[in-house]
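A.B. asks: With the input below, show me the fold.
(one chain, ligands or ions: 1)
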Amino acid sequence: MMDAAFAALTSERLVLRRFRPEDLDAFVAYRSDPEIARYQSWEAPYPPGQARQFLRELATIHPDTPGEWFQFAVALRTTDRLIGDCAAHVPADDPRQAEIGFTLAPEHHGHGYATEAVRRLLHYLLIERGKHRVSATCDDRNTRSAAVLERVGMRREGHLLQSTWSKDEWTNDLLYAVLHHEWPRVPDPP
Ligand SMILES: CC(C)(COP(=O)(O)OP(=O)(O)OC[C@H]1O[C@@H](n2cnc3c(N)ncnc32)[C@H](O)[C@@H]1OP(=O)(O)O)[C@@H](O)C(=O)NCCC(=O)NCCS
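C.D. replies: Now for the predicted structure:
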């Protein structure tokens, strides 16, 4: 499937696009919020130098690159301002599958933006990239994340006890997934 010049995905209120240098301050701000970082792989505060390097590396990667995580900037269509991000990982040993993640700046919670972004990302992966299965995991205390995954129609497939060592403790993960043939074929409105 050709998609060499990936630029952006749109949904009703959002654009999922590549990061730009002007997104840096907003990205560092929400990653530096301890509540946002609580169930994530990074520590708060998140150093601007690390963020700059991370965004620089993403500039040359395609979202569907086996063995890589790709981070999509999530922005409001009306302003193009960054409100969060979502991510896709395509495993090197089976690029027919993908895993996703997502984060929103706290001031943008409660409007359904994460749900809309994840729905658009799933459509991209399952229909436009033809993935067979897309999965996601979250800490079982991360109820807002689990709610997003259930709202978009992913199936809870497992409750993995003490399966991840994170921030000095063993944590329980919820596992969610959706298969290609289960995904609605109706495209999101542009
Ligand atoms: C996970 C996270 C993105 C969820 O954010 P969120 O604001 O709860 O999710 P949404 O943007 O989909 O918004 C859903 C809320 O908006 C409401 N809403 C308003 N308009 C809506 C619409 N058009 N569609 C759907 N929901 C809507 C919903 O009722 C829901 O409200 P509730 O929380 O009172 O039930 C956020 O908590 C976060 O960034 N957490 C830190 C990072 C993280 O842990 N990520 C997950 C790692 S696996």
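A.B. asks: Near the nearest residue to residue 76 once chain neighbours are set aside, how many residues? Count them for me, please.
C.D. replies: Closest residue to residue 76 apart from its sequence neighbours, by C-beta to C-beta, 6 or more residues apart in numbering: residue 83 at 5.9 Å. Placement of C-beta: from N, CA and C, glycine included. By other C-beta atoms under 10 Å, 23 other residues sit near residue 83.
A.B. asks: Assign a three-state SS to residue 83, would you?
C.D. replies: Using DSSP: H, G, I helix; E, B strand; the rest coil, the secondary structure recorded for residue 83 is strand.
A.B. asks: what about the residue in the chain that the ligand sits nearest to, distance to residue 90?
C.D. replies: The ligand sits closest to residue 112 of the chain, with a gap of 2.3 Å, by C-beta to the nearest ligand atom. With distances taken as C-beta to C-beta, to the nearest Å, residue 112 is found 27 Å from residue 90.
A.B. asks: Now do the contacts for the residue nearest to residue 76.
C.D. replies: For residue 83, the contact set (C-beta atoms under 8 Å, 6 or more residues apart in numbering) comprises 14, 26, 74, 75, 76, 104, 105, 108, 113.
A.B. asks: give me the beta-bridge partners of residue 66?
C.D. replies: residue 90 (DSSP bridges).
A.B. asks: What residues does it make contact with?
C.D. replies: 90, 91, 92, 95.
A.B. asks: And residue 143, by the same measure?
C.D. replies: For residue 143, no residue meets the contact criterion (C-beta under 8 Å, 6+ apart).
A.B. asks: For residue 50, see how far away it is.
C.D. replies: Relative to residue 50, and taking C-beta to C-beta, residue 143 is found at 28 Å.
A.B. asks: coming back round to it: could you report the pLDDT at the residue of the chain closest to the ligand?
C.D. replies: You'll see residue 112 listed with a pLDDT of 98.
A.B. asks: And for the one 5 residues further on?
C.D. replies: Model confidence at residue 117, given as pLDDT, is 98.
A.B. asks: That one in helix, strand or coil?
C.D. replies: Per three-state DSSP, residue 117 ends up helix.
A.B. asks: Verify the contact between it and residue 10 for me.
C.D. replies: No - counting by C-beta atoms under 8 Å, residue 117 stays clear of residue 10, with 10.9 Å between them.
A.B. asks: Need the overlap of contacts for these two.
C.D. replies: With C-beta under 8 Å, 6+ apart, residue 117 and residue 10 have common neighbours residue 16.
A.B. asks: Show me where this protein has its strands.
C.D. replies: Using DSSP state E, the strands found in the chain span residues 8-10, 14-17, 68-76, 82-90, 97-104, 133-139, 155-166, 169-179.
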